[in-house]
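Asker: just need the structure, nothing else, for what follows:
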Amino acid sequence: MAPFAGYDMPISYPTGAVEEHLITRRSVGLFDIDHMGQIEVSGPGANEFVSATVSAKILDMKDRDARYSLLLDEQGLVLDDLFVYRLPGRWWIVVNASNREADYAWFKRRAPAGVKVVDHSEATYMIAVQGPRALELLDLVSGGAVSVLPRFTSGDISIRGIPVLFGRTGYTGEDGGELFFPAERALELWELLLAEGERRGIETKAIGLAARDSLRFEAGMPLHGHEISPAINALEAGFKWACDFEKDFVGRSALEKIQAEGPRRRLVGIEVTGGVPREGYELRSEAGAPIGQCVAGMFCPTVRKYAANAFVLPEFAKAGTRLKVVIHGNPKDAVVVKRPLYVPAYRR
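Answerer: The predicted structure is shown next:
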């Protein structure tokens with residue numbers, strides 16, 4: 001266990017982080033992610049307000065659609081990344097734990113008259129159910145209610161009498177979903193899912209933050225404070241695709257200027273030989289010149305490689321470029337590789 005955003009969070013369970021990672025890849029992993037925040041926006045003008053607030057195109061979303069987006073400041077720097085759900089008559093916005101209060105204040109401060117912004121985080125619990133057999137398990141406990149929902153949509157379901165907003169979304173690269181439900185039913189639902197997995201012969205285990213990090217890393221998904229942060233703009237992090245330049249949104253003008261001039265650095269993936277790359281480690285050219293820094297690095301259990309994400313000067317960002325990463329004072333061989341290392345299920 002370790003403190004994170006005001007919560008005591010499980011880093012790993014007795015299963016161990018590497019095996020937890022592999023269980024999620026082959027069957028079902030359960031993630032207690034109640035630290036995430038949930039903000040509801042509703043009222044006259046809510047559609048236009050949310051559209052002007054977040055970077056992605058959202059006004060074309062139908063009821064029950066879900067979409068990834070960014071929350072930017074006026075300089076185009078990433079305050080947070082979000083999942084935006086369009087529900088009948090309201091927007092349901094999922095924010096990162098460490099940014100929950102700041103994001104809520106950000107929406108409240110900018111909301112025009114008539115637009116209601118409510119933080120439902122305390123009353124709402126969140127569990128992610130991820131893996132190639134996740135939908136199978138969820139169908140068994142919900143009467144077949146989830147597998148009929150397309151990816152990146154949501155639906156209201158019931159699991160043994162517990163009302164659940166189900167989002168077919170996730171942060172592991174696997175199929176499955178995320179469950180939003182009354183916090184007072186959390187232990188009941190958690191134990192039910194574990195017990196039903198065992199009873200039905202579906203390997204189902206609790207997964208901690210260490211495996212969650214390696215799963216998302218392999219699948220090319222960002223972690224706030226690493227690949228994205230208020231010190232990193234959306235374009236250098238590779239998130240032009242999450243920005244709709246055909247509408248007005250906070251940070252658009254700054255990003256257009258950066259795009260015209262060209263980003264001063266780019267996010268890349270690297271594979272490393274001879275050591276474990278970690279956040280903060282320096283990158284050098286083969287000639288020895290400093291060219292960037294790692295923002296995350298680890299052993300990747302699925303692909304069985306040591307890898308890192310790093311920001312480098314643009315001329316060193318092409319796949320196949322050979323670099324050095326300085327590990328404990330010693331330059332080790334590295335090469336720029338195409339991200340993601342593991343292709344997410346929704347892209348196959």
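
Asker: going forward, measure contacts and count neighbours with C-alpha atoms only.
Answerer: Will do.

Asker: can you map out the strands along the stretch 101-250 of the chain?
Answerer: Along the stretch 101-250 of the chain, the stretches classed as strands by DSSP state E, counting those that start in this stretch are 116-119, 124-130, 154-159, 162-167, 176-182, 204-206.

Asker: tell me which of those sits most buried.
Answerer: Across the strands of the stretch 101-250 of the chain, averaging neighbours per residue (mean count of other Cα atoms under 10 Å) puts strand 124-130 on top, at a mean of 25.

Asker: who does that one pair with, and is each partner parallel or antiparallel?
Answerer: strand 28-32 (antiparallel), strand 176-182 (antiparallel) (DSSP bridges).

Asker: quick one: it to strand 162-167, angle?
Answerer: With axes from the mean of the first three to the mean of the last three Cα atoms, to 10 degrees applied, the angle from strand 124-130 to strand 162-167 works out at 60 degrees.

Asker: show me what strand 124-130 is in contact with.
Answerer: Here strand 124-130 makes contact (Cα atoms under 8 Å, 6 or more residues apart in numbering) with 24, 28-36, 38, 170, 172, 174-183, 186, 190.

Asker: before we move on, what about stretch 16-31?
Answerer: With contact meaning Cα under 8 Å, 6+ apart, stretch 16-31 is reached by 11-12, 127-134, 174, 202-208, 210-212, 214-215, 301-302.

Asker: who touches Asp244 in this structure?
Answerer: Asp244 neighbours (Cα under 8 Å, 6+ apart): 55-57.

Asker: neighbour count and distance to Asn96 added to the residues you listed, as JSON lines?
Answerer: Below are those laid out as JSON lines (neighbours: other Cα atoms under 10 Å; distance: Cα to Cα, whole Å):
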{"residue": "Ser55", "neighbour count": "30", "distance to Asn96": "16"}
{"residue": "Ala56", "neighbour count": "24", "distance to Asn96": "17"}
{"residue": "Lys57", "neighbour count": "19", "distance to Asn96": "20"}
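
Asker: gap between the residue nearest to Lys205 when sequence neighbours are not counted and Gly89?
Answerer: Once flanking residues are discounted, Lys205 sits nearest to Gly29: 5.2 Å by Cα to Cα, 6 or more residues apart in numbering. Using Cα to Cα, to the nearest Å, Gly29 is found at 32 Å from Gly89.

Asker: neighbour-wise, which of the two wins?
Answerer: Gly29 (30 against 12; other Cα atoms under 10 Å).

Asker: let me know the pLDDT of Phe4.
Answerer: As predicted, Phe4 sits at a pLDDT of 85.

Asker: how far away is the residue nearest to it when sequence neighbours are not counted from Cys294?
Answerer: Spatially, and ignoring its direct neighbours in sequence, Phe4 is nearest to Ser98 (7.9 Å; Cα to Cα, 6+ apart). According to Cα to Cα, Ser98 and Cys294 sit 22 Å apart.

Asker: tell me which of the strands paired with strand 124-130 sits nearest to Trp241.
Answerer: Counting by Cα to Cα, Trp241 lies closest to strand 176-182 out of the strands paired with strand 124-130; the figure is 22.7 Å.

Asker: angle of that closest one against strand 154-159?
Answerer: 70 degrees.
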